[in-house]
Every structure is written in C-alpha cells, then in structure tokens.
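Undergrad: From the sequence below, what's the structure:
(one chain, ligands or ions: 1)
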Amino acid sequence: MVLEYLPTMNNRVWIFDTTLRDGEQSPGCSMNVPEKLRMAAKLVELGVDILEAGFPIASDGDFEAVDAVSRQFESTQVAALARCTRGDIERAAASLQHAKRPRIHTFIATSDIHLKYKLKKSRQQVVDDACAAVELARKHVDDVEFSAEDGARTDLDYLEEVSKAVVAAGARTVNIPDTVGYSTPEEYGAKIGHIVKALGDTAIVSVHCHDDLGLAVANSLAAIQAGARQVECTINGIGERAGNCSLEEIVMVLKTRHDRYPYTTGINAEHLYGSSQLLSGIISFGPQPNKAIVGRNAFAHEAGIHQDGYLKERTTYEIIDPKSVGVPEGKLVLGKHSGRHALKKRLEDLGFDLSKEQLDVVYGEITALADNKKGLMDEEIADLARRSQLVLA
Ligand code: MN
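TA: From the prediction side, this is the model:
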C-alpha cells in the first residue's frame with residue numbers, strides 16, 4: 001500500500017490530537033464516554049487530522065470511547081493506543097472494528113533507563129517485540145503508528161535501528177516522543193533530523209513532547225523544522241504531569257509566524273477558543289488566566305499605555321486578532337447577577353439569534369446554574385442556547 005502522504009512531499013503538518021488519551025489520563029481530566037463524544041465532535045469541527053480516543057486495554061470505558069468515536073465520526077482517522085503485546089493490539093483492533101479510517105498506535109520504551117529498570121529487557125528483545133507488534137497490528141489495519149517511548153533519551157544509533165526495523169515491519173508513522181519533557185530544541189531537532197534522514201520517504205516522523213521544562217511547543221517546532229510532519233498535542237496542553245504540547249499554541253505559531261515557519265495544518269483556528277472552553281467545562285478546570293491564545297487574559301489590556309495604543313490601533317499591542325481564534329468580543333463575566341441584556345449580547349457574539357422565548361429559557365437555566373459557580377464558560381452558554389433551539393424550534 002502506498003503512503004497517503006510523504007514527509008518530503010509538502011509542508012503540511014498533521015495534527016494528531018491526544019486530548020482524549022494522554023490528556024484524559026492526567027489527574028482531574030477523566031472523561032466518560034458521552035463527554036468524550038462531545039469533545040470529539042468539537043475536535044472534528046476544529047479539523048484535527050487524527051483523533052486518539054483512548055487506550056482500549058486500560059478500561060472498558062476507553063474501549064467504548066474508541067468504539068463510539070469510530071462509529072460517530074467516519075471521516076476522521078481514529079487512533080487507539082496499545083503496548084507491544086498481543087492482548088493490547090487485539091483489544092485496540094476490536095475497538096476500531098467500525099472505524100472507516102482506523103489507526104493502531106503501538107509503543108514500547110527504547111531508552112536504556114527504561115529497558116533496565118522498567119522492562120528488564122535487552123535492546124534486541126525490544127526490537128523483536130516492537131516488530132512483532134507492528135506486524136500483528138498490520139494484520140488488522142493498514143495504518144500503524146509506532147512510538148519509541150522515551151525516544152528523546154534513547155541512544156541515537158539504537159533509535160535509528162528500531163525506527164528502520166518497525167518501518168520494515170509495516171509501520172507508516174514513527175513517533176519519537178520526549179516522554180519526560182527533558183529535551184531542548186537544538187538537541188531534539190538534531191535527533192529528529194537524523195531519523196527523518198534515515199527513514200527518507202518510507203514513513204512519516206511524528207513528535208510527542210511533554211512540557212516539564214516548558215519546552216513542549218518549542219521542541220515540537222524544532223522537530224517540524226527538522227522534517228517531522230506529525231505533531232501530537234492536546235487542547236489547553238493537558239496531559240501527564242506538566243502536560244503535552246498545546247495544540248492551540250503550535251497551530252498559532254505556524255499561522256502567525258508563517259514567514260519563519262512555512263508550514264500549514266488543517267486546523268480551523270476560529271474553533272480554538274470554543275474547543276478550549278468546552279474542554280474546560282467538561283473537566284471542570286480551565287487553563288491558567290495568562291495561558292497563550294485561550295487564557296482569560298490572553299487578549300486583555302490593562303496598563304494605560306497599552307490601552308491607549310490598543311485603542312488607537314489594535315496591532316500596536318495585539319499580534320493575533322482574537323476573533324480569528326474564536327474569542328468573542330466583550331469580556332463580560334456572566335454570572336447570577338448578569339442581566340438579560342448581557343446574556344443576549346454574549347449569545348450574539350457566540351453566533352446565536354434566539355427568540356424571546358428561547359432567551360427566557362436560557363436565562364432561567366443560567367440563573368439556576370450560576371448559583372453554584374463563579375461564572376459560566378462560553379461553551380456552557382452555547383450548549384444551553386443550542387438546547388433551547390432544539391426544544392423551542
Ligand atoms: Mn505522553
């Protein structure tokens with residue numbers, strides 16, 4: 001089977017979203033199946049290329065989530081995670097049974113520290129396990145991704161050996177994660193460049209960076225420049241420990257600084273803020289207020305000199321038009337003391353034109369909800385508006 005895309009063909013970067021897998025497995029971020037489906041619908045609207053929906057062997061909930069997402073979102077590539085064992089791969093394959101575009105994502109650690117203390121396996125055993133897993137996965141699906149866990153801390157020659165072996169076994173994507181967020185942009189870029197060169201056009205090289213040193217986006221960017229063409233990332237940067245590369249940040253770097261980074265993605269940026277808000281509503285916590293792109297203060301101007309410049313010409317202090325990432329105008333907080341007028345204005349900003357009866361219903365629900373909250377997320381308000389439109393069509 002011929003690859004759909006080759007790393008050298010163009011400057012299109014594939015966005016592999018793992019909000020529902022790596023993001024979901026971090027503290028406070030658990031999502032049940034209906035919640036994952038709501039989030040998946042938004043991610044599809046956002047335009048992610050590959051949606052990793054769970055780790056099916058880990059729980060029945062994860063299995064059901066992959067199955068449900070596969071059935072509901074036919075046009076999107078759906079990925080399921082599996083360790084390099086028969087049980088994991090067969091479970092992943094079963095969860096993807098109804099997917100139109102299934103991907104099995106199998107992984108094993110390759111760094112000496114993981115081999116010695118965690119796996120207690122030799123380098124040769126790990127290569128053998130990896131190839132056997134990829135071959136088995138290819139019996140079920142055409143599209144197999146292999147991840148060399150802790151790749152950033154893996155010996156370069158051995159990493160090249162593993163990468164070539166899994167591609168020969170049938171992997172189409174080779175992911176080199178910085179699992180523990182230890183790498184730096186120059187170091188990681190050089191490593192990725194080496195693997196890209198070694199694999200040539202035989203596979204797409206992917207990256208998956210954690211943010212332990214606050215470098216996940218910078219490292220992913222260095223990797224793209226070195227030839228990686230898939231980035232694994234999450235909304236609001238949620239994920240293990242300090243989180244993953246933030247989807248909204250990497251996408252907006254490529255868009256805003258296209259002069260330096262001439263790469264494109266399939267992301268519809270105007271859905272970034274809505275995706276962030278929906279996730280915040282589902283997992284009950286949002287990004288920090290000063291978070292780039294989607295934080296509450298990301299487009300707020302407080303200092304007098306800044307306000308003065310901004311009011312004379314927006315671009316004096318704003319490098320991104322907030323509307324382009326879906327941030328509604330007017331940062332009024334809607335709470336239980338807000339009036340109907342403020343609600344109507346916010347709904348208009350969010351794109352709703354409600355009848356008086358519909359507005360009354362939403363207003364009543366918001367007043368009731370706001371009693372136990374400090375303020376409502378835009379996406380919750382949008383949800384209530386959509387429901388009122390269904391009930392009072
Ligand atoms: Mn991870």
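Undergrad: what about Leu43, distance to Glu161?
TA: 35 Å (CB to CB, to the nearest Å). All C-beta atoms are positioned from the backbone trio N, CA, C, and that covers glycine.
Undergrad: residue contacts, the residue nearest to Arg296 when sequence neighbours are not counted?
TA: The shortest distance from Arg296 to any non-neighbouring residue, by CB to CB, 6 or more residues apart in numbering, is to Pro289 (4.4 Å). Contact partners of Pro289, counting by CB atoms under 8 Å, 6 or more residues apart in numbering, are Gly295, Arg296, Asn297.
Undergrad: The longest helix anywhere in the chain - contacts with which helices or strands?
TA: Assignment by DSSP state H gives helix 123-140 as the longest helix of the chain. Helices and strands touching helix 123-140, as assessed by 3 or more CB pairs under 8 Å, 6 or more residues apart in numbering; DSSP states H and E, comprise strand 77-83, helix 86-95, strand 102-109, strand 143-149, helix 156-168.
Undergrad: what angle separates that helix from strand 143-149?
TA: Here the directions of helix 123-140 and strand 143-149 differ by 160 degrees (axes from the mean of the first three to the mean of the last three CA atoms, to 10 degrees).
Undergrad: Name the residues of helix 123-140 that come out as buried.
TA: Buried residues in helix 123-140, counted by 16 or more other CB atoms under 10 Å: Val126, Val127, Asp129, Ala130, Cys131, Ala133, Val134, Glu135, Leu136, Ala137, Arg138, His140.
Undergrad: so the fourth one touches Ala165, yeah?
TA: Read that as Ala130. Yes: using CB atoms under 8 Å, Ala130 is in contact with Ala165, at 6.8 Å.
Undergrad: Now do the closest residue to Ser324 other than its chain neighbours: how many residues are near it, please.
TA: Distances taken as CB to CB, 6+ apart place Ala269 nearest to Ser324, at 5.8 Å, with adjacent residues excluded. Using other CB atoms under 10 Å, Ala269 has 19 other residues around it.
Undergrad: measure Ala269 to Lys255 for me?
TA: Per CB to CB, Ala269 is found 6 Å from Lys255.
Undergrad: Please apply the same query to Arg123.
TA: For Arg123 relative to Lys255 (CB to CB), the value is 41 Å.
Undergrad: do the same with Ala79
TA: In this view, Ala79 and Lys255 are 25 Å apart by CB to CB.
Undergrad: now do Asp360
TA: 40 Å.
Undergrad: out of those two, which sits in the more crowded spot?
TA: Lys255 (17 against 14).
Undergrad: Is the more buried one in contact with Leu272, as I believe?
TA: No: with contact defined as CB under 8 Å, Lys255 does not reach Leu272; the gap is 10.1 Å.
Undergrad: Leu43 and Glu161: which is more packed in?
TA: A count of neighbours by other CB under 10 Å puts Leu43 above the other of Leu43 and Glu161, at 26 against 16.
Undergrad: where does that one land in three-state SS?
TA: Of the three states, Leu43 takes helix under DSSP: H, G, I helix; E, B strand; the rest coil.
Undergrad: before we move on, what about Ala58?
TA: Going by three-state DSSP: Ala58 is coil.
Undergrad: how close does it get to Ala80?
TA: 10 Å.
Undergrad: between these two, who's got more neighbours?
TA: Ala80 (34 against 16).
Undergrad: I figured that one was touching Asp67, is that so?
TA: No: Ala80 is not in contact with Asp67 according to CB under 8 Å; the separation is 9.2 Å.
Undergrad: Could you report the neighbour count for Ser59?
TA: Close neighbours of Ser59, defined as other CB under 10 Å, add up to 11.
Undergrad: Then Arg91?
TA: Neighbour count for Arg91, taken as other CB under 10 Å: 20.
Undergrad: residue contacts, it?
TA: Residues near Arg91 by CB under 8 Å, 6+ apart: Pro56, Ile57, Phe63, Ala82.
Undergrad: What is the burial count for the second one?
TA: Using other CB under 10 Å, Ile57 has 19 neighbouring residues.
Undergrad: Am I right that it is in contact with Ala93?
TA: No: counting by CB under 8 Å, Ile57 does not reach Ala93; the two are 11.0 Å apart.
Undergrad: Tell me the spacing between Glu160 and Ile113.
TA: 19 Å.
Undergrad: how deep is Asn32 tucked in, by neighbour count?
TA: Residues near Asn32, counting by other CB under 10 Å, number 11.
Undergrad: residues touching it, list them.
TA: For Asn32, the contact set (CB under 8 Å, 6+ apart) comprises Gly61.
Undergrad: May I have the phi/psi pair for it?
TA: Dihedral pair for Asn32: phi -90, psi 180, per degrees, to the nearest 10.
Undergrad: how far away is it from Asp143?
TA: Taking CB to CB, one finds Asn32 at 27 Å from Asp143.
Undergrad: Would you mind splitting the protein into its domains for me?
TA: The record's domain parsing of the chain by automatic domain parsing lists 14-282, 302-391.
Undergrad: can you redo these as TSV with mean pLDDT?
TA: Below are the domains of the chain laid out as TSV (pLDDT from 0 to 100):
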stretch	mean pLDDT
domain 14-282	97
domain 302-391	80
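Undergrad: Of these, which stretch is the most buried?
TA: Across the domains of the chain, averaging neighbours per residue (mean count of other CB atoms under 10 Å) puts domain 14-282 on top, at a mean of 21.
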